[in-house]
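Student: test case, fold it:
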Amino acid sequence: MTLPFSWRTRLPWFCVAWDRPAPAGPQVIARCGEAVVAFDRDDGAIRWQAPLDPRAGDGVAFVSGGAAVVTEYRRRPERLSTLVAVRFDGTRAWRSDLGGQVSRNGVVVHGDDVYALAREPARRQVLYRLDLASGAVRATHDLQWPATSLLATDDGLLAANASDDRAPGLYRIAPDGGEPEALLDDPVWWLAPGLAISRHAGGRTLRSLTGSWSTEVDSDLAGTDGNMVVAVRGGALVALATRDGAERWRTDPLPAEATRLAIAGPAVLCGHGEGTTLYRTDDGTVIGGTADSYGVPVADDDHLYLGGVQEFGRLDLP
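Tutor: As a prediction, the model looks like this:
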């Protein structure tokens with residue numbers, strides 16, 4: 001069983017391109033280790049590459065906002081985070097050297113601002129607010145409670161805390177740095193619009209943040225497209241409606257423990273200890289699989305674009 005690649009582009013430097021790429025017209029843009037790279041959608045040719053730093057590693061953030069992507073790397077010798085914005089034509093829009101280390105899933109775009117969750121050398125956690133157009137730091141706020149990830153919503157920012165059970169597991173932050181609002185007590189390990197997975201003494205709970213439904217799950221992993229969420233329950237993938245939690249489909253037991261889950265248009269990607277398997281979003285049937293590991297894809301009609309170890313490719317779904 002294989003994955004239906006129409007093209008795969010091998011990169012001449014080592015990288016692990018697992019962040020969700022950003023479509024931009026005739027190209028798709030990805031963080032590929034020491035550079036941001038734009039691939040032609042039709043044939044995978046490299047249209048441009050924007051170098052970051054030869055020792056940049058794979059970073060902990062890659063998000064799209066306006067007509068640019070924003071990514072992170074640790075600058076040397078300080079080992080502190082630098083944010084870089086690259087325009088869709090490959091030119092650098094700005095660079096901002098922060099005073100702390102940014103958390104994975106800790107950079108979001110909200111309106112005309114970029115927010116970055118960072119831990120500074122004095123061990124305090126700081127929320128940076130930067131201008132999306134220029135990268136200028138507009139404000140910094142010391143966080144009252146710990147946070148491990150951020151999510152931008154229509155009415156502000158949500159912060160998940162999986163590191164300290166003495167503080168709320170989920171809380172709302174006002175963009176202007178006002179008083180936070182506690183939402184959940186249990187530590188939150190996965191957060192998406194309207195959904196969260198929290199841990200408690202008896203296990204893990206996947207819940208709707210509106211309080212309309214909840215269910216026990218096996219893992220801290222899940223993936224959602226807004227209408228459906230996939231999670232691991234009873235050793236298998238289950239797809240649940242986000243509106244009411246009703247089960248839509250269930251797979252056979254997974255071949256190994258899941259390490260990555262994502263929904264991208266017509267396909268569900270499940271990374272696991274034996275490689276990667278793709279399932280159809282509408283009914284859970286298997287599309288294909290491979291022993292190789294791949295990152296979070298982005299969909300375009302019946303195409304999926306995704307990165308792997310030192311490569312980037314397009315899948316054409318049957």
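
Student: in which helix or strand would I find Val230?
Tutor: According to DSSP states H and E, Val230 maps onto strand 228-233.

Student: how far off centre is that strand?
Tutor: Distance of strand 228-233 from its chain centroid, counting by C-alpha atoms, centre = their mean, to the nearest Å, is 16 Å.

Student: also stretch 92-112?
Tutor: That offset, for stretch 92-112, works out to 14 Å (C-alpha atoms, centre = their mean).

Student: flag every buried residue along that stretch.
Tutor: Residues of stretch 92-112 classed as buried by neighbour count (16 or more other C-beta atoms under 10 Å): 93-94, 96, 98, 100-103, 105-110. The way it works is simple: take the backbone N, C-alpha and C, and place the C-beta from them, glycine included.

Student: ditto for stretch 272-290
Tutor: Applying 16+ other C-beta under 10 Å to stretch 272-290 flags 272, 275-279, 281, 284, 287-290 as buried.

Student: how far out from the middle of the chain is it?
Tutor: With C-alpha atoms, centre = their mean, you get 19 Å for stretch 272-290.

Student: and which of the buried residues of stretch 92-112 is nearest to Leu315?
Tutor: Asn105 (24.8 Å; C-beta to C-beta).

Student: what bridges to the nearest residue in space to the closest one that is not next to it in sequence?
Tutor: Once flanking residues are discounted, Asn105 sits nearest to Ser149: 3.7 Å by C-beta to C-beta, 6 or more residues apart in numbering. For Ser149, the beta-bridge partners under DSSP bridges are Ala160.

Student: would you agree Ser149 is in contact with Val102?
Tutor: No - shown here, Ser149 and Val102 do not form a contact pair, counting by C-beta atoms under 8 Å, at 11.0 Å.

Student: identify the contacts common to those two.
Tutor: Common neighbours of Ser149 and Val102, using C-beta atoms under 8 Å, 6 or more residues apart in numbering, are Leu117.

Student: once you drop chain neighbours, what's closest to Phe5?
Tutor: Leaving out its chain neighbours, Phe5 is closest to Gly313 (C-beta to C-beta, 6+ apart), at 5.0 Å.

Student: before we move on, back to that, restricting to C-alpha, output the strand holding Val230 in CSV.
Tutor: The C-alpha coordinates for strand 228-233 follow below in CSV (Å, rounded to 0.1, in the frame of the first residue of the first chain):
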residue,chain,number,x,y,z
MET,A,228,-15.7,16.9,12.3
VAL,A,229,-13.0,15.9,14.8
VAL,A,230,-11.0,12.7,14.7
ALA,A,231,-9.5,11.2,17.8
VAL,A,232,-8.3,7.9,19.1
ARG,A,233,-10.8,5.8,21.1
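
Student: sheet-wise, list the partners of the next helix or strand along the chain from it with their directions.
Tutor: Once the chain leaves strand 228-233, the next helix or strand it forms, by DSSP H and E, is strand 236-241. Partners of strand 236-241 in the sheet, by DSSP bridges, are strand 228-233 (antiparallel), strand 247-253 (antiparallel).
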